[in-house]
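[1] Give the three-dimensional model of this entry:
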Amino acid sequence: MEEDTPEKEGLVLQKEIVYNALLPYADRLEPEANQLLADIKANLSRAVLVRELWPGTAFWCRKLFSFLKLYGRRFSKDDHILFVKLLYELVTLPNLEPFMTQSYARLLILLLKKKELLSRDDLQLPWRPLYDLYERVVYSKTEHLGLVWFPNSLDHILKALVKSCRLYFPASSTQEMLDEWRPQLCVFDVAMQKAISNMELFLPTITPVAEHSQGWK
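    Numbers count the residues shown, from 1 in each chain. Coordinates of the predicted model:
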């Protein structure tokens, strides 16, 4: 039976690596990429359904990372959105091992790297789970006691993740964030510096003109 390809099904691919067409084995890349993507989608969804974070979900997330590096975003917009939503749920899981949080965050940053491929009309992400994760890691109350250990790079990766995700925070998130942090803006309280840092990092500053009344205005 002849295998259906995205082109035959009429799907529009997000963004391929154009230089792959110059490779001497370019004619073999399409079936290889289609088969690998099908395997990733099937096995990753199965691992998540049975709640097998290790090794199943972690293994197939690494496969997805390799797929992006080898073939680019060679999948449909619907697949792209589903991958982002799944990784966002995974990275914000409570009590997740730090090295897995770091791995999922890197993959999610890569999925969101090309801003022109997904708009906020296509995708919206809640800001609160990501803020809770950032609070647990960056302002951990147990790390200095030796009860938990976070890689040194996790702090920087989470900040990069927030910057990648904040474009997709809903319009109402600005007011919610201000309600959360504005009470801490007291010049006589050390919490003010933390509140300002959070505002600088999380507040969505790139919004459509129609939503300015819910944003900086």
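
[2] tell me which element R74 falls in.
    strand 72-76 (DSSP states H and E).

[3] From the contact counts, what lies against the very next helix or strand once past that strand?
    With elements assigned by DSSP H and E, the helix or strand that comes after strand 72-76 is helix 77-91. Identification of packing neighbours for helix 77-91 by 3 or more C-beta pairs under 8 Å, 6 or more residues apart in numbering; DSSP states H and E yields helix 26-49, helix 58-71, helix 98-111, helix 127-138. Yep, even glycine has a C-beta here, placed from its N, CA and C like the rest.

[4] For helix 77-91, give the mean pLDDT please.
    For helix 77-91, mean pLDDT is 95.

[5] follow-up on the earlier one: and the helices and strands packed on helix 77-91, which is most packed in?
    Using mean count of other C-beta atoms under 10 Å, the stretch among those with the largest mean neighbour count is helix 98-111, at a mean of 20.

[6] and the angle from that one to strand 72-76?
    Here the directions of helix 98-111 and strand 72-76 differ by 80 degrees (axes from the mean of the first three to the mean of the last three C-alpha atoms, to 10 degrees).

[7] Distance from helix 98-111 to the middle of the chain?
    Relative to its chain's centre, helix 98-111 lies at 7 Å (C-alpha atoms, centre = their mean, to the nearest Å).

[8] now do stretch 22-31
    Using C-alpha atoms, centre = their mean, the offset of stretch 22-31 from its chain centre is 29 Å.

[9] what do you get for stretch 17-27?
    On C-alpha atoms, centre = their mean, the centre of stretch 17-27 falls 28 Å from that of its chain.

[10] now stretch 55-63
    Using C-alpha atoms, centre = their mean, the offset of stretch 55-63 from its chain centre is 16 Å.

[11] cool, stretch 114-130 as well?
    9 Å.

[12] Return the set of buried residues in that stretch.
    The neighbour-count check on stretch 114-130 (16 or more other C-beta atoms under 10 Å) flags 117-118, 120, 123, 125, 127, 130 as buried.

[13] Just the ones of those residues in helices?
    Residues of these located in helices (DSSP state H): 127, 130.

[14] Mind picking the lowest-pLDDT entry from the buried residues of stretch 114-130?
    Lowest pLDDT among the buried residues of stretch 114-130: R120, 86.

[15] thinking that residue is in contact with S173, fair?
    No - using C-beta atoms under 8 Å, R120 and S173 do not qualify as a contacting pair, with a distance of 10.8 Å.

[16] Poorly predicted segments of the chain, please.
    The model of the chain has pLDDT under 70 over residues 1-10, 142-147, 207-217.
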